[in-house]
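**Student:** Predicted model and sequence below, questions to follow.
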Amino acid sequence: MAEQEVKSIALFFLLAFLDEKVALIATRAVLKKSRKNSSARLKTVYKIFLDYRENPKFRLSATGIIQKNSVVLPNINLSSWRQFLRDADPQSLFPLIWIQIIKENEVAVASAMGVTAGTLRTRVGQTLEKLGGFVETELAHA
Amino acid sequence: MHNSEGSFSEIARNRQYSKFICQEMLFDFLLGRLDPMRKEAVAAALEKHDDLRKQKHSLEVAIKYCSDLSQTKLGEAFMQKALAPLTIFDILKQKFSPKRWPIPLRWGIEALVVSSLVATITLVLFWSNIQSMIPVKNETVLIQQKIKKEEFNVELTDKKEIADFNEKMSAEIVPEQLVEVPAVAAVAKVTPVAEVAAVAEVPTPKVEVPKVKPVPPPDIIPKGYVYKLVMSLANLDLLGPEIAEKIIAMGAIKAGEVEIGWRKLNGNYYHFVIEKEKGLELLEVLKTYGDVQTVKDPHGRVMPENQDRYILWIEDK
């Protein structure tokens, strides 16, 4: 597996759980199952993401631990992202991160999730709107 | 044909998109994925509806936020940890993880564990109740097994007495009546089972009869027996000596080396010889104290006609 691909998976889990430890465990779990083709690997990522998301052990904590020496975060306020993660539906969050942040191919993500590209786009649009609401509120309070 | 095509595109151009449709197309509008006709329609709707403009603003803010988030970089330390090779422990853990077991096996184990726990807890909590529900017969059998053990111990103390008896027997038997039967096995062939048991019960070290020594023929082999009485009484410290006194008062003579009413850890042991009639009377007396279990067992000693041998075991309740 290419390092870039591992980076993408790790970044996905990091943004999905905002916890370095969980991201590491989840990434290694995907690597353990190492699939040969990329689309199937994304499917594995999706499956593990759903499992972890339902698992109370990995549920988003109030203060996710991210050490600055291992992850370089952009200079933005993460509280709206954290709030958004609490409410977000995993089936919308998954494509949002992969398509809007990691810039993965829409068709590959849709195939991993077993939905059509149109459905995926609609979900991303709706989820983005929700995220926008959180960011705007945060900006208004700032 | 040309006219109909022209009229269709004219209809499409003049088609009015609802606000809802425009809302749905807003995301694609922002990404520039709409055809010119729809793009025009959404732009027109945006001019018309204030909430659509707000929605568009939210989407723009979110897209910008996502774009910022995409700048997140993972450090070398993190990547090293993520890419570290799997240890043997990890592989084994993965291979034998309970998650990989077949569902029936997992359910089976779970059911077994739960039922064992329930059984253990029930036993611990209600042991006294369960114990009282066990039939008395079983208790008696246990006591009888105990008494057999006890008797074995006492028989060892009777060694001298039995040796004397054997000598006496050998002396009493007239040489003409004796048949040269090599060993006990030959006796077992012609004697009933009970008698064989009686013969077998005589401890081998005690019957040290040389092979050449004459052995009595089957018809004169003694048929001894012993009455084993089993009781279970409370307050035995008080009742034990009292019963012993009554037994002695009836003319009983101790058999073996221990006194009548020998106190042991968990009960009293009475080994005695008494007249037949008195023995029956004694049984009635004992019944006034509680239930008496009576067993008649074969025994190596043959008692005179008017006497019986008794072993009474009273266990502490």
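**Tutor:** Arrived safely, thanks for sending.

**Student:** The residue in the stretch 151-300 of chain B that chain A sits nearest to - nearest residue in space that isn't next to it in sequence?
**Tutor:** Residue nearest to chain A within the stretch 151-300 of chain B (CB to the nearest CB): B:Asn266, separated by 55.4 Å. (C-beta placed from N, C-alpha, C; glycine too.) Spatial nearest neighbour of B:Asn266, chain neighbours left out: B:Asp316 (5.5 Å); criterion: CB to CB, 6 or more residues apart in numbering or on different chains.

**Student:** OK, contacts around the one you found?
**Tutor:** Counting by CB atoms under 8 Å, 6 or more residues apart in numbering or on different chains, B:Asp316 touches B:232-234, B:236, B:266-267.

**Student:** Report the separation between B:Trp262 and B:Gly240.
**Tutor:** From B:Trp262 across to B:Gly240, the span is 9 Å (CB to CB, to the nearest Å).

**Student:** Overlap of the contact sets of those two?
**Tutor:** B:Asn268.

**Student:** which SS class is B:Gly294?
**Tutor:** Just to correct that, residue B:294 is Thr rather than Gly. Three-state call for B:Thr294 (DSSP: H, G, I helix; E, B strand; the rest coil): strand.

**Student:** My guess is it contacts B:Gly279. True?
**Tutor:** No: using CB atoms under 8 Å as the test, B:Thr294 is too far from B:Gly279 to be in contact (10.6 Å).

**Student:** More neighbours: which of those two?
**Tutor:** Comparing B:Thr294 with B:Gly279 by other CB atoms under 10 Å in any protein chain shown, the one with more neighbours is B:Gly279, at 19 against 12.

**Student:** For chain A, what lies in contact range of chain B?
**Tutor:** Residues of chain A that fall close to chain B, judged by CB under 8 Å from any CB of the partner chain: A:3, A:6-7, A:10-11, A:14-15, A:20, A:24, A:27-28, A:31-32, A:69-74, A:76, A:80-81, A:96, A:100-103, A:121-122, A:124-125, A:128-129, A:131-133, A:135-136, A:139.

**Student:** And the lowest-mean-pLDDT helix or strand in chain A, what does it pack against?
**Tutor:** Within chain A, no helix or strand scores below strand A:71-72, which has a mean of 74 by mean pLDDT, DSSP states H and E. In this structure, strand A:71-72 packs against strand B:73-74, with contacts taken as 3 or more CB pairs under 8 Å, 6 or more residues apart in numbering or on different chains; DSSP states H and E.

**Student:** repeat that with 6 Å
**Tutor:** For strand A:71-72, there is no helix or strand it packs on, judged by 3 or more CB pairs under 6 Å, 6 or more residues apart in numbering or on different chains; DSSP states H and E.

**Student:** neighbouring strands for it, and are they parallel or not?
**Tutor:** strand B:73-74 (antiparallel) (DSSP bridges).

**Student:** could you give me the average pLDDT of the strand it pairs with?
**Tutor:** Regarding strand B:73-74, the rounded mean pLDDT is 83.

**Student:** Name the residues of the helix or strand that B:Lys246 is a member of that are buried.
**Tutor:** Per DSSP states H and E: B:Lys246 is located in helix B:236-249. Judged by neighbour count (16 or more other CB atoms under 10 Å in any protein chain shown), helix B:236-249 contains these buried residues: B:236, B:239-240, B:243-244, B:247-248.

**Student:** Looking at those, which one is closest to B:Gly300?
**Tutor:** B:Ile247 (22.6 Å; CB to CB).

**Student:** tell me which residues in the helix ranked longest in chain A are buried?
**Tutor:** Longest helix of chain A, by residue count under DSSP state H: helix A:117-141. Residues of helix A:117-141 classed as buried: A:120-136, A:138 (neighbour count, 16+ other CB under 10 Å).

**Student:** Averaged over its residues, which helix or strand of chain B has the lowest pLDDT?
**Tutor:** helix B:184-190 (a mean of 43).

**Student:** what's near enough to touch A:Ile99?
**Tutor:** A:106, A:109, A:124 (CB atoms under 6 Å, 6 or more residues apart in numbering or on different chains).

**Student:** shouldn't the last one be in contact with A:Pro95?
**Tutor:** Yes: when contacts are counted by CB atoms under 6 Å, A:Val124 is listed as touching A:Pro95 (5.3 Å).

**Student:** Can you check which residues contact both of these two?
**Tutor:** By CB under 6 Å, 6+ apart, no residue touches both A:Val124 and A:Pro95.

**Student:** Show residues contacting stretch B:49-63.
**Tutor:** A:128-129, A:131-133, A:135-136, B:19, B:26, B:30, B:45-46.

**Student:** Any chance of JSON lines for those, columns distance to B:Leu286?
**Tutor:** As requested, the contacts of stretch B:49-63 are exported to JSON lines (distance: CB to CB, whole Å):
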{"residue": "A:Leu128", "distance to B:Leu286": "97"}
{"residue": "A:Glu129", "distance to B:Leu286": "96"}
{"residue": "A:Leu131", "distance to B:Leu286": "93"}
{"residue": "A:Gly132", "distance to B:Leu286": "98"}
{"residue": "A:Gly133", "distance to B:Leu286": "95"}
{"residue": "A:Val135", "distance to B:Leu286": "97"}
{"residue": "A:Glu136", "distance to B:Leu286": "99"}
{"residue": "B:Lys19", "distance to B:Leu286": "106"}
{"residue": "B:Leu26", "distance to B:Leu286": "104"}
{"residue": "B:Leu30", "distance to B:Leu286": "105"}
{"residue": "B:Ala45", "distance to B:Leu286": "110"}
{"residue": "B:Leu46", "distance to B:Leu286": "111"}
